[in-house]
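Participant: could you look at this predicted model? Sequence included:
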Amino acid sequence: MSPVTPEMIHIYERLLKELDELDPYIGNALFWMVVRGRGEPLTVADVARRLGGDPDRVLSGTVLELEEHVVLEQSDHGVIVLAQNAYPSDPDIWGRLTENAQAWGFWWLVNNAHELFYAADGVLVTSVNMHSFPHSLECFGQDPAALDGHLGALRALGARMKADDEAGVTYAGPYPDWETALATVEALTGVRLDVGRFTR
């Protein structure tokens with residue numbers, strides 16, 4: 001049974017529509033991650049340093065205003081990381097970011113590259129590549145099956161897309177694949193994205 005509910009997916013469908021009304025570009029490329037310490041809680045300054053940033057050079061602004069920067073927010077569930085048009089391109093990032101910590105997230109770019117991921121203790125544990133979606137969810141990493149218990153909603157969506165395609169059914173509008181992945185990150189972390197996280 002998937003911990004992702006239809007109501008959660010609907011919340012992210014609504015979120016992406018609201019973001020599109022605020023800034024049509026942001027929906028083209030988005031990065032969201034939650035980083036949590038295993039023992040001691042991590043602070044925004046800790047995560048900024050691990051990402052290679054300087055916590056003493058802080059800019060005040062929102063994701064919508066700081067398009068070329070990463071926005072960090074302290075939360076009871078860990079440090080929330082949001083950015084436009086960004087993804088973890090440095091393969092060494094997991095070693096720095098998740099030392100005695102865990103990170104869950106999802107990103108997509110305008111060229112339809114996207115990834116749901118889980119990293120812990122210095123390694124990328126699971127990377128879920130949706131390029132073959134809906135025919136399969138390709139999982140890579142040190143433990144490709146680590147997120148299997150949380151991928152039910154994505155697998156169900158893929159099965160529905162495949163069945164519609166085989167039956168020649170035309171779906172009204174795009175399938176909620178990104179929205180389902182965002183809901184999956186919420187299920188994994190307990191953190192919900194809302195418009196306020198992009199505007200406050």
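Facilitator: Structure received.

Participant: show me where this protein has its strands.
Facilitator: 30-37, 71-75, 78-84, 101-108, 114-120, 123-129, 138-140 (DSSP state E).

Participant: closest one to Lys162 among those strands?
Facilitator: Smallest distance to Lys162 across the strands of the chain (CB to CB): 15.0 Å, for strand 138-140. C-beta: built from backbone N, CA, C; applies to glycine.

Participant: what residues of that closest one count as buried?
Facilitator: Cys139 (16 or more other CB atoms under 10 Å).

Participant: check the offset of that strand from the chain's centre.
Facilitator: 16 Å (CA atoms, centre = their mean, to the nearest Å).

Participant: please apply the same query to stretch 103-114.
Facilitator: Its chain's average C-alpha position is 7 Å from that of stretch 103-114, according to CA atoms, centre = their mean.

Participant: nearest to Pro3, out of the strands of the chain?
Facilitator: Proximity to Pro3 (CB to CB) singles out strand 101-108 among the strands of the chain, at 12.8 Å.

Participant: what's opposite the most centrally placed residue in the chain in the beta bridge?
Facilitator: In the chain, the centroid-proximal residue (CA atoms, centre = their mean) is Phe106; its distance is 2.0 Å. Note on Phe106: beta-bridge partners by DSSP bridges are Trp32, Leu116.

Participant: mind checking pLDDT for it?
Facilitator: As predicted, Phe106 sits at a pLDDT of 96.

Participant: then the one 10 residues further on?
Facilitator: Leu116 is assigned 95 on the pLDDT scale.

Participant: got it, and the one 3 residues further on?
Facilitator: Ala119 carries a pLDDT score of 97 in this model.

Participant: what's the answer for Gly158, then?
Facilitator: Confidence at Gly158, expressed as pLDDT, is 86.

Participant: quick one: it and Val47, what's the gap?
Facilitator: 32 Å (CB to CB, to the nearest Å).

Participant: compare these two (neighbour count), which wins?
Facilitator: Val47 (24 against 21; other CB atoms under 10 Å).

Participant: and that one, what does it touch?
Facilitator: Val35, Leu72, Val79, Val81, Leu97 (CB atoms under 8 Å, 6 or more residues apart in numbering).
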